[in-house]
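3D model of this:
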Amino acid sequence: MSAITAYLARLIGLSTIVLVGAFMMRGSSPITATIADSPIMLVYAIFSLAAGLAIVLGHNVWSGGALPVIVSVVGWLILAKGLLLLFADHETLVILVERMNYDQNYLFYLSPSLALGLYLTYAGFTASASKL
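Residues are numbered from 1 along each chain as shown. Model (predicted):
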């Protein structure tokens, strides 16, 4: 496993844990307020697009174990999210979040991200130094 894989796993994992923890403590209102604000969503789309492209261009690895593949998949998902947010109609995004009942089910929607963040953090920090 390369050093970039361990670094990205640590970066993505720790960022995800901190963000999910903050969102769990604050409730669903910050997310729904962000979705309702079109300029903020545009900035979010731009940052997601940049982060996704950085990961995809710098780490498009599809072999070598689960961790490199998961980091690559996460990079592609971040890129796809950035493209979706950039090109999707704002009203469509608002309707989608309303239909998901995000207000009532936000813990359910945050749980997979928390699990992924915990895995990436653990795997990134326990990666064998000889493999880096």
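
nearest residue to Ser15 other than its sequence neighbours?
In space, and not counting its chain neighbours, Ser15 is closest to Gly117: 7.6 Å by C-beta to C-beta, 6 or more residues apart in numbering. Backbone N, C-alpha and C define where each C-beta goes, glycine included.

ok, the one you found - contacts?
12-17, 20 (C-beta atoms under 8 Å, 6 or more residues apart in numbering).

CA atoms only: put the lowest-mean-pLDDT helix or strand in the chain into PDB for me.
When the helices and strands of the chain are scored by mean pLDDT, DSSP states H and E, helix 29-36 comes last with a mean of 86. Only the C-alpha atoms of helix 29-36 are listed here, as PDB (Å, rounded to 0.1, in the frame of the first residue of the first chain):
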ATOM      1  CA  SER A  29     -31.200  22.000  10.600                       C
ATOM      2  CA  PRO A  30     -27.700  22.900   9.300                       C
ATOM      3  CA  ILE A  31     -28.100  20.400   6.400                       C
ATOM      4  CA  THR A  32     -31.600  21.500   5.500                       C
ATOM      5  CA  ALA A  33     -30.600  25.200   5.700                       C
ATOM      6  CA  THR A  34     -27.600  24.600   3.400                       C
ATOM      7  CA  ILE A  35     -29.700  22.700   0.900                       C
ATOM      8  CA  ALA A  36     -32.100  25.700   0.800                       C
END
